[in-house]
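Novice: Task: produce atomic coordinates for the following.
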Amino acid sequence: MKTLLQFVLYLLVALLAIVLGVILGDYAPWYFAWIVGTVMIVLVSAAGGAWFDAQDAEAARR
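Specialist: Model (predicted):
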C-alpha cells in the first residue's frame, strides 16, 4: 500500500509540473510529449515483461 501511495504522490507532482509547464513555458508541448512518450515506453516495457513472465511460467508448468 505504501508503494501505491508513493506512486500516486509522484504522479500528482508530475501532473503539477506538466500543468505549470503548459501555463508558463513556450516549450511546454515538447516537454508534455516527452513525458507522455517516456511513460508509454515504461508501460509497454512493463507489459512486455509481464507477458514474458506469464509465458515462462506457462512453459514451466507444462
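Novice: where are the low-confidence patches of the chain?
Specialist: The chain contains residues with pLDDT under 70 at 27-28.
Novice: middle-most residue in it, spatially?
Specialist: Centroid-nearest residue in the chain: residue 39, 3.4 Å away (criterion: Cα atoms, centre = their mean).
Novice: So it: helix, strand or coil?
Specialist: Secondary structure for residue 39, judged by DSSP: H, G, I helix; E, B strand; the rest coil, is helix.
Novice: got the residue ranges for the strands in the chain?
Specialist: Along the chain, no stretch is classed among the strands by DSSP state E.
Novice: Compute the number of surrounding residues for residue 42.
Specialist: Residues near residue 42, counting by other Cβ atoms under 10 Å, number 10. In short, each C-beta sits where N, CA and C put it, glycine included.
Novice: what's the distance between it and residue 2?
Specialist: Going from residue 42 to residue 2 by Cβ to Cβ, to the nearest Å gives 20 Å.
Novice: Equivalent analysis for residue 45, please.
Specialist: Residue 45 is 23 Å from residue 2, by Cβ to Cβ.
Novice: In terms of packing, which of these two has more residues around it?
Specialist: residue 45 (10 against 6).
Novice: burial of residue 4, as a residue count?
Specialist: So residue 4, with other Cβ under 10 Å, has 8 neighbours.
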